[in-house]
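A.B. asks: with the input below, show me the fold.
(one chain, ligands or ions: 1)
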Amino acid sequence: MAMNALALSDDIARHFGRARDSYQQAARLQRVVAEKALSLLPATAGLLVDLGSGPGWFHPRLRQHCTDLVALDLSFDMLEKTSAAQQVSLAVQADAQSLPLASETTDRVFSSLMLQWCEKPELVLQEAHRVLKPGGLAVISTLLDGTLQEFKQAWAQVDQHQHINQFLPLNFYQQLAQDLPELGLRLQTELVKLDYPDVLALARELKDLGANTVTQGRNKALTGKQRWQKVQQAYPTHCSYGQIHASYQVLYLTLTKQNRD
Ligand SMILES: C[S@@+](CC[C@H](N)C(=O)[O-])C[C@H]1O[C@@H](n2cnc3c(N)ncnc32)[C@H](O)[C@@H]1O
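C.D. replies: Sure thing, here's the model as predicted:
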């Protein structure tokens with residue numbers, strides 16, 4: 001991994017680590033997406049690995065889906081929180097783009113809302129495929145371009161900095177599915193809209209989730225009250241009852257490892 005990729009991984013791990021105690025309260029989108037992703041993954045009397053497991057708030061649900069559960073995350077702080085809840089047999093600090101797991105040892109791979117933080121998401125998919133046993137399945141959810149587009153549009157009217165992470169377009173994954181047919185990828189999209197009292201509440205939720213790391217062209221300048229007011233005024237969709245809503249374009253990837261004949 002290049003030096004700046006390593007620094008970015010540290011930054012992501014640090015941000016998420018700081019959010020380990022505020023995360024669960026703020027994780028509204030995460031709840032909706034994790035439940036849907038789990039509904040696409042058949043249960044197993046075997047091993048399930050959760051990539052980018054976060055603080056492990058979803059592990060009681062995942063435990064009902066398998067016999068053995070392994071949590072894997074970049075952030076040591078998140079894994080500490082996970083271990084304290086005693087739902088997992090093992091907590092592994094690692095990068096999901098390079099799994100420290102032997103090939104063909106896992107029955108299921110689950111990953112919810114981690115992939116968008118990876119520089120090379122295709123490596124995660126290839127690694128998930130490598131560690132799955134023949135006949136094994138993975139479900140991985142991520143965010144696509146179009147996510148937080150209202151917030152992005154509002155900021156664009158206030159300054160030229162990038163305030164929202166960039167998300168890959170759907171056709172990136174469609175192309176991967178074509179280029180890597182051995183992964184047996186299937187794609188399903190969903191638009192989720194959440195309401196917020198105002199833009200500050202939206203920004204606070206992203207911060208509480210540790211999701212406020214911007215991966216390119218960061219602006220470290222302070223964001224004052226007046227600028228927030230301008231963002232609020234420029235925000236394109238105001239609900240009739242005074243709230244704003246934010247759009248999240250969610251992709252669910254199902255990956256199947258073929259049985260050997
Ligand atoms: C938005 S949280 C999702 C947590 C949980 N899966 C959920 O649905 O609430 C993303 C998590 O992925 C972890 N993460 C980000 N990049 C990662 C990588 N390359 N490898 C492993 N974990 C990563 C972060 O540390 C964080 O805990």
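
A.B. asks: mind jotting down where the strands sit in the chain?
C.D. replies: 47-51, 68-73, 90-93, 106-112, 132-143, 186-196, 244-256 (DSSP state E).

A.B. asks: mind checking those strands for the one nearest to residue 119?
C.D. replies: Counting by Cβ to Cβ, residue 119 lies closest to strand 132-143 out of the strands of the chain; the figure is 13.3 Å. Bear in mind the C-beta positions are built from the backbone N, C-alpha and C, glycine included.

A.B. asks: pLDDT at residue 210, what is it?
C.D. replies: Model confidence at residue 210, given as pLDDT, is 62.

A.B. asks: can you tell which of the strands of the chain is closest to the ligand?
C.D. replies: Proximity to the ligand (Cβ to the nearest ligand atom) singles out strand 106-112 among these, at 3.6 Å.

A.B. asks: could you export stretch 98-108 as CSV, CA atoms only?
C.D. replies: The C-alpha trace of stretch 98-108 is given here as CSV (Å, rounded to 0.1, in the frame of the first residue of the first chain):
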residue,chain,number,x,y,z
SER,A,98,-6.2,-7.7,2.3
LEU,A,99,-7.8,-10.3,4.6
PRO,A,100,-5.6,-12.2,7.0
LEU,A,101,-7.8,-15.3,6.5
ALA,A,102,-7.0,-18.5,4.8
SER,A,103,-8.7,-19.3,1.5
GLU,A,104,-12.0,-21.2,1.5
THR,A,105,-12.5,-21.1,5.2
THR,A,106,-15.7,-19.0,5.5
ASP,A,107,-19.4,-19.8,4.9
ARG,A,108,-20.7,-16.3,4.8
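
A.B. asks: what residues does the protein put near the ligand?
C.D. replies: Within the chain, the positions near the ligand by Cβ under 6 Å from any ligand atom are 12-13, 16, 27, 30, 34, 52-54, 58, 73-75, 78, 95-97, 112-114, 117-118, 211.

A.B. asks: so how many other residues sit close to the nearest residue to residue 53 once chain neighbours are set aside?
C.D. replies: Among residues not flanking residue 53 along the chain, residue 71 sits closest, at 3.8 Å (Cβ to Cβ, 6 or more residues apart in numbering). By other Cβ atoms under 10 Å, the residues close to residue 71 number 28.

A.B. asks: let me see the contact set for residue 71.
C.D. replies: 50, 53, 56, 59, 79, 82-83, 88, 90-92 (Cβ atoms under 8 Å, 6 or more residues apart in numbering).
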